[in-house]
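# One predicted model, sequence on top.
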Amino acid sequence: MESMYQGAEGMLRYLVEFSTLLLELFGICILVFTAVKSFIFWLKKDDSIRLQLAQGIALALEFKLGGEVLRTVVVREWAELGILGAIIILRAMLTFLIHWEIKNEKKELAK
């Protein structure tokens, strides 16, 4: 019974680590894609560049935040949980600030 429990725990840890890596990879891909797209818009002197860049950064941050939340499933020590909690809080604050910037940029473009 103990070996079955350890096997299930190992499989859960592997699944969580793989899923976390996948979510963070999605976040990185979105960020790079957004940066390239924004650079092209910058060359064309498009006025909506800041809005599109902020939206891409916000989406990438949310994928990365999802990876961090998922990582909390397999945390074993309080110190590690504290570090993950601090990272989650920082990323959530960044996401909030970027959404605030998006809202203000939309108002600015509407004028």
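Yes, it's here.

# What are the buried residues along the worst-scoring helix or strand of the chain on mean pLDDT?
Least confident element among the helices and strands of the chain, by mean pLDDT, DSSP states H and E: helix 78-110 (a mean of 90). Neighbour counts over helix 78-110 (16 or more other C-beta atoms under 10 Å) mark 88, 91, 95, 98, 101-102, 105 as buried. C-beta here means a position set from N, CA and C on the backbone, and glycine is covered the same way.

# can you tell me which of those residues lies nearest to S19?
I88 (16.2 Å; C-beta to C-beta).

# Skipping its backbone neighbours, what lies nearest that closest one in space?
What sits nearest to I88 in space, not counting adjacent residues and going by C-beta to C-beta, 6 or more residues apart in numbering, is E68, at 5.1 Å.

# count of residues packed around the closest residue to A92 other than its chain neighbours?
Leaving aside its sequence neighbours, A92 sits nearest to L65 (C-beta to C-beta, 6+ apart; 6.5 Å). For L65, the neighbour count with other C-beta atoms under 10 Å is 19.

# how about L65, secondary structure?
Classification of L65 using DSSP: H, G, I helix; E, B strand; the rest coil returns helix.

# Now do the same contact list for it.
Counting by C-beta atoms under 8 Å, 6 or more residues apart in numbering, L65 touches 88, 91-92, 95.

# For these, work out which two are farthest apart.
Longest span within the contacts of L65, C-beta to C-beta: I88 and T95, 10.4 Å.

# On the three-state scheme, D46 is what?
Reduced to three states by three-state DSSP, D46 is coil.

# So for the chain, the centremost residue is which one?
Geometric centre of the chain, nearest residue: K64, 2.3 Å, by C-alpha atoms, centre = their mean.

# excluding its backbone neighbours, what's nearest it?
Closest to K64 by C-beta to C-beta, 6+ apart is G27, at 4.1 Å.
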